[in-house]
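> sequence and computational prediction follow.
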Amino acid sequence: MSRLQILIAGGGLGGLAMAVMLERLPEHKKVDYLILERSTFLNPIGSAISLHASVIPLLKQLGIWSEIEKASKPMSHFSIKREDGSDLGTVDFAYGQLDYSFYGMVLARPDLHEILLSHVPPEKILTGKRIVSTTQDDFGVSCHCADSTIYHGDILIGADGAYSAVRQSLYKDLRAHGNLPRQDFSPIKLDQVVVVGITSPLNPLEYPMLKEDVCQFRIVLGGRDRAYTMWMVPLTDNRVAWSIGGRSDALNGSSFWSESQEEATTSFGLKAHQNSRFPDWGEAESESIEEICDYMRTKPNPFGYGTYGDLIDRTPKHLISRVMFEEKGFRTWYGGRTVLIGDACHKSVPFGGQGKPLSRMVILNTARRSGLGERYN
């Protein structure tokens, strides 16, 4: 009997993590899989990424924990200030060490991407494969790419980001049959415009936070003329990851805070700034990265590390990027032989579950829905 054929759309963190999970399946449960990546080469963007302590047992099970631990720093809490340097409070993450015997970890996003990529055989990744549509029936699922190639499989995993082509094709089919909730019709909201970067190695005498064995995120909530957030966190090799950005819809009367931030602030006894109106960071979509950085560079860092410009100037240009953060909760994350993970459905599935690979749970459930349970059981 032939093996189950899995197609994975997207070679980002979610797609690669799923591939590593498939690689670790026991021999009698092995499946064949192929990653279809739209870019012509894999070039991860972003700065830092944090991993919750609860996923560390899974990382150990996948055999990649030692590499991630070496590239990471344990994280204990968020320290939050206003622009004038006054304290807003802290968010404690040290409970991870008590509840799971591990702190949460923070590392450079490109470093995590490189670690995952190193555990996926190169022949299982095809680049330059932009998916334009998908089709599925009782016999399988197919991905139709812009270069006129077509790939067939038993199950399709859409890990192709917030503007997922897999999701668009799935939703089009579900809507045509009246099976798509109204919530999923609404467009994605661009909530944040953010510039991120990773510095070159810095002098720990200038940035004493680099000496911390258990580090913290430093976060600034500021701006009267234009509301912004800024955070920075120390990485391994004496580097600092940083981010500067703000709400893209502030002009519409919303405050700097999102509802979840307001709730979090209230729970920590902090006072959110309500009913504030600020110029629209969405205007930055037409600005260059340099213009955004120039706007912020002279602002003093409330944590005492010079100005924001000091961090920007010590960051190689190829490690600075602009990122749009979307807000959208999709109710529908599977249909037929197709399942969505990560930003494709905003369910954050690159890692998850305590000690059990998600690949088996997702694939097994999808296989059963598709009538393939006898082949993968």
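Received, thanks. From a predicted model like this one, the values you see are computed outputs, not experimental measurements.
> quick one: Thr236 and Val141, what's the gap?
From Thr236 across to Val141, the span is 41 Å (C-beta to C-beta, to the nearest Å). Every C-beta, even on glycine, is put in place using the N, C-alpha and C of the backbone.
> show me which of these two is the more surrounded one.
Neighbours were tallied for Thr236 and for Val141 using other C-beta atoms under 10 Å; the higher tally belongs to Val141 (24 against 15).
> now the more buried one, what's its secondary structure?
For Val141, the secondary-structure state derived from DSSP: H, G, I helix; E, B strand; the rest coil is strand.
> residues touching the closest residue to Gln97 other than its chain neighbours, list them.
Nearest non-adjacent residue to Gln97, counting by C-beta to C-beta, 6 or more residues apart in numbering: Tyr103, 4.9 Å away. The contact partners of Tyr103, by C-beta atoms under 8 Å, 6 or more residues apart in numbering, come to 53, 74-76, 93-94, 96-97, 214.
> tabulate these in CSV, adding columns for neighbour count and distance to Val240.
Formatted as CSV, these follow (neighbours: other C-beta atoms under 10 Å; distance: C-beta to C-beta, whole Å):
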residue, neighbour count, distance to Val240
Ala53, 21, 23
Pro74, 19, 16
Met75, 26, 14
Ser76, 20, 17
Phe93, 21, 19
Ala94, 16, 21
Gly96, 21, 22
Gln97, 15, 23
Val214, 13, 16
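> so of those, which ones are in helices?
The helices in this structure, assigned by DSSP state H, contain 96-97 from the contacts of Tyr103.
> nearest to His318, of the contacts of Tyr103?
Sorting the contacts of Tyr103 by how near they are to His318, with C-beta to C-beta, puts Met75 at the top with 25.9 Å.
> so how far is Tyr334 from that closest one?
Distance of Met75 to Tyr334, computed by C-beta to C-beta: 33 Å.
> also Leu51?
The span separating Leu51 from Tyr334 equals 25 Å under the rule C-beta to C-beta.
> likewise Gly85?
To Tyr334, Gly85 is 48 Å away according to C-beta to C-beta.
> state the number of residues packed around His346.
Neighbours of His346 (other C-beta under 10 Å): 16.
> which ones are touching Leu51?
Residues in contact with Leu51, defined by C-beta under 8 Å, 6+ apart, are 59, 68, 72, 104-107, 351.
> hmm, try it at 10 Å
The contact partners of Leu51, by C-beta atoms under 10 Å, 6 or more residues apart in numbering, come to 58-59, 68, 72, 75, 96, 102-107, 112, 350-351.
> could you chop the chain up by domain?
Per automatic domain parsing, the domain ranges recorded for the chain read 5-42+127-186+330-369, 65-108+189-327.
> of these, give the one that comes closest to Ser118.
So among those, domain 65-108+189-327 is nearest, using C-beta to C-beta, at 7.9 Å.
> what's the spacing between that closest one and its chain's center?
Mean-position distance between domain 65-108+189-327 and its chain equals 15 Å (C-alpha atoms, centre = their mean, to the nearest Å).
> so what's the residue count around the closest residue to Met105 other than its chain neighbours?
Distance criterion C-beta to C-beta, 6+ apart; nearest residue to Met105, sequence neighbours excluded, is Ser72 at 3.9 Å. The burial metric for Ser72, expressed as a neighbour count using other C-beta under 10 Å, is 24.
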